[in-house]
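Undergrad: Here is a sequence with its predicted model. Questions after.
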Amino acid sequence: MGEVKVKGSWLRDLEEFIKKPSPAIPIEAVILYGSMAKGLGGVRGDVYVLVIGDVFKAYPLLDRLSLLKLKRGRIETLGYTLDETP
């Protein structure tokens, strides 16, 4: 994979999220998807992020959403374990 150049304040939101998603969540990977990942997102578009971590094994899906705070600024998150990813 190569480095992707991005523009806009959403990048600061994403960097902050990656640095500190939640105090109790060790992150194994963060995957950006959707229109922002394709470079097609608008100025006010949401940033969709898939968070991978073994910590999610202990939580049902709905609990994971609240653990990740579902939406933080423009960041909308989903949490999965590595085994659950395609």
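TA: Right, received. Where do you want to start?

Undergrad: mind checking how far stretch 39-59 is from the chain centre?
TA: Its chain's C-alpha centre and that of stretch 39-59 lie 2 Å apart, by CA atoms, centre = their mean, to the nearest Å.

Undergrad: what's the average pLDDT for that stretch?
TA: Confidence for stretch 39-59, expressed as mean pLDDT, is 84.

Undergrad: Quick check on residue 51: phi, psi?
TA: Dihedral pair for residue 51: phi -110, psi 130, per degrees, to the nearest 10.

Undergrad: dump the residue contacts of it.
TA: Going by CB atoms under 8 Å, 6 or more residues apart in numbering, residue 51 touches 21, 25, 27, 29, 30, 68, 77, 78, 79, 80. All C-beta atoms are positioned from the backbone trio N, CA, C, and that covers glycine.

Undergrad: Could you export those residues to TSV, including columns for pLDDT?
TA: Shown next, in TSV, are these (pLDDT from 0 to 100):
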residue	pLDDT
21	58
25	74
27	81
29	87
30	86
68	78
77	84
78	86
79	88
80	91
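
Undergrad: closest to residue 39 among these?
TA: Taking CB to CB as the measure, residue 39 lies nearest residue 30 of the contacts of residue 51, at 17.7 Å.

Undergrad: from the contacts of residue 51, which ones fall inside strands?
TA: Mapping these onto strands (DSSP state E) picks out 29, 30, 77, 78, 79, 80.

Undergrad: For residue 11, state which of the residues you listed is nearest.
TA: Nearest to residue 11, judged by CB to CB, of these is residue 30 at 12.9 Å.

Undergrad: how near is the residue lying closest to that closest one once chain neighbours are set aside to residue 63?
TA: Excluding the flanking residues, the one nearest residue 30 by CB to CB, 6 or more residues apart in numbering is residue 18, at 5.4 Å. Separation of residue 18 from residue 63 (CB to CB, to the nearest Å): 22 Å.

Undergrad: Measure how far the lengthiest helix in the chain is from the centre of its chain, please.
TA: What stands out as the longest helix in the chain, according to DSSP state H, is helix 10-19. Distance of helix 10-19 from its chain centroid, counting by CA atoms, centre = their mean, is 9 Å.
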